[in-house]
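Participant: return atomic coordinates for the entry below.
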Amino acid sequence: MDEPAPAFRPAKITDRFLAYLIDLVPFFAGYAASLYYLLLTRRLEDPAGLRQVLSAWIALYLLYQAVGNAAQGTPGKRLFGLRVLRPDGTPLGALRGMLRAAGYALSTPLCNLGFLWAVFQADSRAWHDLLAGSVVVEAGEKTPSAALRNAVAALLLLCLILGGNAWLYLVRPTPEDREAVRKAEEGLRVFADIEEQWK
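Facilitator: Alright, predicted model coming up:
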């Protein structure tokens, strides 16, 4: 198993998470805008069309990741002073860059387990890093205040994402819930009318 060279400092998982979000946001926004446009213009009524739009955006994202990996880091990673390298410090190259991007496709569907794996690794290697033989390292040393700021930002964003998902999938009323409430209110009005007539 490859180990990072002693001169390299493994990237903090919080910095990697923030870089991941920055890289993901434009693609998520593009997907949402595409759906909005297609649904608004009624050009997309078939569920297979929805899957095609999603697949196209995922393919674009994986291509973006592959190019970023080969260039030693996506714009999000570079913003946080991170580099993607081989353990000996050399660039990944195109083939390993594509392999690392393909690893994203393996890690994500399993509840992001491949990404969470990095939390338990001393060198913060996720499944896609292990697959491609890559390490994500800090290009330079961060000040303690910068590291703390990034950790707090990552924690807040994670809480926001988890809270939003909990609301969306567990708490938010579904159309069926709203219909049940409407029928219950209608039933209560009928009982109120019967009670008034009984008086």
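Participant: how many other residues sit next to the nearest residue to Leu99 once chain neighbours are set aside?
Facilitator: Excluding the flanking residues, the one nearest Leu99 by CB to CB, 6 or more residues apart in numbering is Ala132, at 4.3 Å. Yep, even glycine has a C-beta here, placed from its N, CA and C like the rest. Other residues near Ala132 number 23, with proximity taken as other CB atoms under 10 Å.
Participant: dump the residue contacts of Ala132.
Facilitator: When contacts are counted by CB atoms under 8 Å, 6 or more residues apart in numbering, Ala132 is found next to 69, 92, 96-97, 99-100, 103.
Participant: what do you get for Gly30?
Facilitator: For Gly30, the contacting residues are 57, 60, by CB under 8 Å, 6+ apart.
Participant: remind me which residues of this protein are low pLDDT?
Facilitator: Scanning the chain with the threshold set as pLDDT under 70 gives 1-7, 43-45, 199.
Participant: at 90 instead, please
Facilitator: The chain contains residues with pLDDT under 90 at 1-9, 34-54, 104-124, 139-143, 161-162, 164-199.
Participant: which residues in it form helices?
Facilitator: 13-40, 47-70, 75-79, 93-107, 113-116, 127-132, 144-166, 175-198 (DSSP state H).
Participant: just give me how far the last one sits from the chain centre.
Facilitator: On the basis of CA atoms, centre = their mean, to the nearest Å, helix 175-198 is displaced by 43 Å from the centre of the chain it belongs to.
Participant: can you list contacts of it?
Facilitator: Under CB under 8 Å, 6+ apart, the answer for helix 175-198 is Pro173.
Participant: and if we set it to 10 Å?
Facilitator: Helix 175-198 has contacts (CB atoms under 10 Å, 6 or more residues apart in numbering) with 173-174.
Participant: going through the contacts of Ala132, which ones are buried?
Facilitator: By neighbour count, with 16 or more other CB atoms under 10 Å, the contacts of Ala132 hold 69, 92, 96-97, 99-100, 103 as buried.
Participant: of all the helices of the chain, which one is nearest Pro87?
Facilitator: Among these, the nearest to Pro87 by CB to CB is helix 127-132 (9.7 Å).
Participant: so which bits of that closest one are buried?
Facilitator: Using 16+ other CB under 10 Å as the test for burial, helix 127-132 gives 127-132.
Participant: tell me which of those residues is nearest to Ala33?
Facilitator: Distances from Ala33 to the buried residues of helix 127-132, taken as CB to CB, are shortest for His128 (27.2 Å).
Participant: ok, now which ones touch the residue nearest to that closest one when sequence neighbours are not counted?
Facilitator: Nearest residue to His128, sequence neighbours excluded (CB to CB, 6+ apart): Gly103, at 2.6 Å. Contact analysis of Gly103 by CB under 10 Å, 6+ apart lists 62, 65, 69, 114-115, 126-132, 134.
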